[in-house]
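*Asks:* Quick one: sequence and predicted model below, then my questions.
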Amino acid sequence: MNRFEFLRPTTIAEAVAAGARPGAAYHAAGTNLLDLMKGGVMRPGTLVDVGRLPGLDRIEHAADGGVRIGALVRNADLAHDPGFAARFPAVAEALLSGASAQLRNAATVGGNLLQRTRCGYFYDLASACNKRTPGAGCDARGGENRLHAVLGWSEACIATHPSDFCVPLAALDAVVEIIGRDGAREVPLADFHRLPGEAPERETVLAPGDLVVAVRLPAEAAGFAAHARYLKVRERTSYAFAVVSAAAALRLEDGRIAAARIALGGVALKPWRARAAEAALVGRAPAEAACREAAALALADAAPSGDNAFKIELARRIVARALLLAAAGTPGRLPALPASPFAALPGAQAHV
Amino acid sequence: MSDPIPGIAAPAHLRQGSSIGQPLTRRDGPLKVTGQARYAADNHPPGMLFAVLATSGIARGRVLGLDVAAAKAHPGVVEVMTPANRPPLAGDPDAKDSPFMFRLDALQNDAVRYPQQPIAVVIAETLEAATEGAALLAPRYAAEPPRVGLDGAAAFVPAAVGVGSPASFAQGEVEAGLAAAPRRMEAVYETPAQYHNAMEPHAIVAAWDGERLTLDTPSQGMAMAQARFAALFGIRPEDIHIRSPFLGGGFGSKGLANGPQVLGILAARLVGRPVKLVLRREQMYGPVGHRAPTRQTIRMGADAAGGFTAIASHTLTATSSFDDFIEAAADVAHTLYATPALHTSHEAVRLDTGTPMFMRAPGEAPGSIALESAVDEMAFACGMDPLAFRLRNYAEVEPASGKPFSSKALRECYAEGAARFGWAGRPLQPRQMRDEAGLLVGWGMGTATFPAMMMAGHARATLRADGSGLVETGAHDMGQGAWTALAQVAADGMGLPLDRLEFRSGTSDLPDAGIAGGSAHMATVSSAIHGAGGAVIDRLAALATGDERSPLFGAGNAGVVAREGRLHRRDDEARSESYAAILSRAGLAGLEAMGQGAADPAAQKAFAMHAHGAVFVEVKVDPDFGQIRATRVVGAFAAGRVINPRMVRSQYYGGMTWGVSFALHEHAVTDRRSGRIMNADLAEYHLPVNADVPSLEAILVAEQDPHVNPLGIKGVGEIAITGTAGAVANAVWHATGVRVRRFPIGLEALIGA
């Protein structure tokens, strides 16, 4: 590991000034960043520790039903906040389906948004990666890519974004609050991450110094609480990134879908909002046919980036199932195996 | 080194007269859970420096240059070791004198023969400085196209497979048997490359004192490592002191001396200070062995009643470009099922990988998942229940050798396991069962088998003047519980309660206990310990029965019994005398004797010796997504005498979990172009987590074996992997109707997409 400067600013303004320096990186819990630094994948010259900035660790429930989540709120604390889990059950389910209990106890909301891809070629310094070294090429293309992107990828990058948390956030119109050198601004989470295009090294809309200070869920998002699920297929029962996941949320009126929210994870370099599929559901009864049609629409633009054509059909099935689960109603309590296809297993033991 | 384990408090439930058979908890457990157990890398002798390997970014070629100046200029870097300045070795690391000797990479030249091969060592005042120094070396290469995958090179017939076994075996008329069979199957099964992934990375702390060398390093075979290091460095084995009291798992990858250990010792010699070298996780995917991939073609024929007419099994596997370790996967068919005709054969390709190595049931594990899958397919082709089919083909004698088994309680394993699992009533057809949530449910089974081997090992027993005992042997505890179970044997061997017995182990200055491998350590070392204790008691008894002042005088013909620190007349137990009193009267400060454990050649010649088991698995599969979960695993195993049922059960749990992992999870993802492994970390190289195996049950089936060794012990370390992996695969088929023959079973194989 290279020597680096370690700064611990006490105000957001100080943090932003320090974070704007060339080669600076923000550090909160470090659950992803420190691994990347140990592996030489990231080599920041300055670490700006924002983990102790005051006021960023609060969950503020608004009177209108929305919520403002400080960027330093721990994943576990958010998922277990009773008021939050009741209003945004799919978000809580997604949080608890990610990583391990130990990581969830440390990892922050802001860090979750900014975690890097798990593409093996990004991690392997001997492989070419445009994300790590712009212009170097992409060894994942033509390589071992059965888990790579099927939506929104480019020749320059076929990686996926690994977050579970961001998937229901994208579906529920979450907004990211940012403070930068030019002051505060807001960006919809669905627009926060960039698709790779020709510049996969630019992963978000953040400019140097920009600090994520909060994520807001609007009051309308709580209107889906009765019919909201997150479903995640993975290659072991727990502690694995999604092969494909989906968040589905419905607002039902008189047995018909008044509004639908759908986003997918594990399919693209950002959480993938499926607006056309959402629109197609409005006015329909939440039955299998409608869900399957919506799922087909959600994947209409999908194309394999390698040995991963199966993920397209898998994603269709996951979207359809997530919609049906949402239609069936949010369970009274989170399953012992959150977001798992085995969640409904009677007596399922909670070793997540 | 003093005994790192505190004295044993005799548990309240201790049965009088015997510690063997007691389910004692681990003696070293409190040390481990309180962080006091000192593993190799925890040792920091004064003046110690940190060494970090720089490893190759290519699979094949040469290193043209390293920016040594940049690395040396980094603050804290003390030295950079490359082929140009590496201290000389007395022995050639590329020499190979026996099947147990493997070629090592110790910077002998600039050649690169696999990814992650060590190409330099950076030595610094801190781990961070050494790590950065290694990153600054920025190697330049002359790369050659790597040979990757089982189709990546021309196949050859190896001179031997496993440890010196013939590459092929034939008996009976296989082709005729197949041709005449009304029921036939032929299928190809593929298993991937796997890496040991012990939790504790390979590590060494090396300190030279003149021509004497002290090493803290995890080892499954200290005496063999001593000999190899001695030959490489031109010093006497007895001048090398290895301390290996605990291993954080070995699984075969710490069995033999490896290149990084040699580099750590060389680094210490180069800088004249103690050096610590610990592998990073990704560096464990190259120079310290792995399980090679296999492609197994199995053909079977059966008669109308479901009896085998022939079994043919061919394995294509891989070894490195520069050494031979051939996974003897086909040979598992030698011991399992009765057949009038049997043909096994092996071929291999040379790839640009590190040399494969012994890894948990080498040969048996990949062989078993293929064979047990094939047996399942054959049973279905015959319209028979898989258990009934296996019983129909039960081997009363070892099929390949024709020898009787020294013991074989496999029928009891089948019966007890099936009963406990509830196997009866299983539908023959697949995809018949669902749970209330709509998940597909399947039941599968497999037969477990592993040879009951004996290595050679020694132990010393000392009876002290106060009547307490000391037993010493350079044995290895990889986490399996040897510290505890061997002490139980030691106490019984000397007729002492556990709290009167001191047990020392885990260092190379103690009697050579042989290698902890082949599931043979318990059997081997127990024999040595028990023999040593018995020899001491013999001498003590001779003193007492020959001394007219002893109440035991003249009992020579009747004999004496040693129990709880006293000798009793066998025909009159009221007449007894304490060990201390006998020694005191004889004016002796103590008595000492050696014991040895080794294979009995006569018994080996007369009998086939194996442990057996039967494993029953339930899986649930999501019908749309193909995600699989093994929801119940029941294994019944017969492995001779059980020294400590708690430890044995734990070994079975570990083995069955490994079997689940083999079938569903583990595989190295190798880039088809570069030969590099793309998931060389524990986030992406999947091993089962607790949620993957919610219910495990191990049944200890009683078995007495008078032939394997004096105590009747068979090993339990590896057997439970076998049988389980195939049972999982068979259960997946039974759940889904899809026969997946490429492991691990991926969900894309099950969703029909």
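*Replies:* Received it, and whenever you're ready, just let me know what you need.
*Asks:* Return the list of helices and strands in contact with the helix or strand B:Arg539 falls within.
*Replies:* Here B:Arg539, judged by DSSP states H and E, is contained in helix B:521-545. Using 3 or more Cβ pairs under 8 Å, 6 or more residues apart in numbering or on different chains; DSSP states H and E, the elements in contact with helix B:521-545 are strand B:457-464, strand B:469-472, helix B:482-493, strand B:560-563, strand B:566-569, helix B:579-586, strand B:590-597. The way it works is simple: take the backbone N, C-alpha and C, and place the C-beta from them, glycine included.
*Asks:* again, only using 6 Å
*Replies:* Helix B:521-545 is packed against strand B:457-464, helix B:482-493, helix B:579-586, strand B:590-597, with contacts defined by 3 or more Cβ pairs under 6 Å, 6 or more residues apart in numbering or on different chains; DSSP states H and E.
*Asks:* The stretch 401-550 of chain B against chain A: which residues are in contact?
*Replies:* Residues of the stretch 401-550 of chain B found near chain A (Cβ under 6 Å from any Cβ of the partner chain) are B:Ala437.
*Asks:* export the helix or strand containing B:Ala370 as CSV, just CAs?
*Replies:* Element membership of B:Ala370 [criterion: DSSP H and E] is helix B:364-381. Presented in CSV, the C-alpha positions along helix B:364-381 are these (Å, rounded to 0.1, in the frame of the first residue of the first chain):
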residue,chain,number,x,y,z
GLU,B,364,-11.6,-39.7,-4.6
ALA,B,365,-13.5,-36.4,-4.4
PRO,B,366,-13.8,-35.6,-8.2
GLY,B,367,-13.9,-39.3,-8.9
SER,B,368,-16.8,-39.8,-6.5
ILE,B,369,-19.0,-37.1,-7.8
ALA,B,370,-18.8,-38.5,-11.3
LEU,B,371,-19.1,-42.1,-10.3
GLU,B,372,-22.0,-41.6,-7.9
SER,B,373,-23.7,-39.5,-10.6
ALA,B,374,-23.2,-42.3,-13.1
VAL,B,375,-24.4,-44.9,-10.7
ASP,B,376,-27.5,-42.8,-10.2
GLU,B,377,-28.0,-42.6,-13.9
MET,B,378,-27.6,-46.3,-14.3
ALA,B,379,-30.0,-47.1,-11.5
PHE,B,380,-32.6,-44.9,-13.2
ALA,B,381,-31.9,-46.6,-16.5
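*Asks:* Residues in contact with that helix: which ones?
*Replies:* Here helix B:364-381 makes contact (Cβ atoms under 6 Å, 6 or more residues apart in numbering or on different chains) with B:183, B:185, B:189, B:191, B:294, B:296, B:298, B:300, B:302, B:329, B:332-333, B:386, B:389, B:446, B:450, B:721-722, B:725-726, B:729-730.
*Asks:* can you pull the buried residues of stretch B:191-211?
*Replies:* B:191-198, B:200-208 (16 or more other Cβ atoms under 10 Å in any protein chain shown).
*Asks:* Tell me what B:Ala302 is bridged to.
*Replies:* B:Arg183, B:Phe308 (DSSP bridges).
*Asks:* That one reaches B:Cys382, doesn't it?
*Replies:* Yes - counting by Cβ atoms under 6 Å, B:Ala302 touches B:Cys382, with 5.4 Å between them.
*Asks:* Count the residues that sit near the closest residue in space to B:Gly479 that isn't next to it in sequence.
*Replies:* If the residues on either side of it in the chain are set aside, B:Gly479 comes closest to B:Gly249, at 5.8 Å by Cβ to Cβ, 6 or more residues apart in numbering or on different chains. B:Gly249: 17 surrounding residues under other Cβ atoms under 10 Å in any protein chain shown.
*Asks:* now the one 4 residues further on
*Replies:* The burial metric for B:Ser253, expressed as a neighbour count using other Cβ under 10 Å, is 24.
*Asks:* How about the residues of chain A by chain B?
*Replies:* Looking at chain B, the residues of chain A close enough under Cβ under 6 Å from any Cβ are A:1-2, A:40, A:120, A:126, A:143-144, A:233, A:235-239, A:310, A:313, A:317, A:341-342, A:344, A:349, A:351-352.
*Asks:* Give me the distance between the residue nearest the centre of chain A and A:Ser154.
*Replies:* Residue closest to the average C-alpha location in chain A (Cα atoms, centre = their mean): A:Cys166, at 2.4 Å. Distance, A:Cys166 to A:Ser154, using Cβ to Cβ, to the nearest Å: 20 Å.
*Asks:* swap in B:Gln171?
*Replies:* Taken as Cβ to Cβ, the span from B:Gln171 to A:Ser154 is 59 Å.
*Asks:* Could you do A:Ala226 as well?
*Replies:* Taking Cβ to Cβ as the measure, A:Ala226 and A:Ser154 are separated by 39 Å.
*Asks:* of these two, who's got more company?
*Replies:* A:Ser154 (18 against 14).
*Asks:* Is that one bridged to anything, and to what?
*Replies:* A:Cys157.
*Asks:* That one touches A:Pro196, doesn't it?
*Replies:* Yes - using Cβ under 6 Å, A:Ser154 is in contact with A:Pro196, at 4.7 Å.
*Asks:* And the helices in the stretch 201-350 of chain A?
*Replies:* A:219-222, A:275-281, A:288-298, A:310-328 (DSSP state H, counting those that start in this stretch).
*Asks:* Make a markdown table from the ones you listed and add mean neighbour count to it.
*Replies:* Listed next are the helices of the stretch 201-350 of chain A as a markdown table, based on neighbours: other Cβ atoms under 10 Å in any protein chain shown:
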| stretch | mean neighbour count |
| --- | --- |
| helix A:219-222 | 19 |
| helix A:275-281 | 19 |
| helix A:288-298 | 20 |
| helix A:310-328 | 24 |
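*Asks:* still on that earlier bit, quick one: buried ones out of the residues of chain A next to chain B?
*Replies:* Buried members of those, scored by 16+ other Cβ under 10 Å, are A:1, A:40, A:120, A:126, A:143-144, A:233, A:235-239, A:310, A:313, A:317, A:341-342, A:344, A:351-352.
*Asks:* Just give me the neighbour total for the spatially closest residue to A:Glu198 that is not a sequence neighbour.
*Replies:* The shortest distance from A:Glu198 to any non-neighbouring residue, by Cβ to Cβ, 6+ apart, is to A:Ala156 (5.7 Å). Using other Cβ under 10 Å, A:Ala156 has 20 other residues around it.
*Asks:* Do I have it right that A:Ala156 meets A:Ala128?
*Replies:* No - contact criterion Cβ under 6 Å: A:Ala156 and A:Ala128 do not qualify, at 10.9 Å.
*Asks:* Past the helix holding B:Ala370, which element shows up next along the chain?
*Replies:* Following helix B:364-381 toward the C-terminus (DSSP H and E): helix B:386-392.
*Asks:* And the contacts of that next one?
*Replies:* The contact list for helix B:386-392 (Cβ under 6 Å, 6+ apart) reads B:Gly306, B:Gly307, B:Asp376, B:Ala379, B:Ala418, B:Met445.
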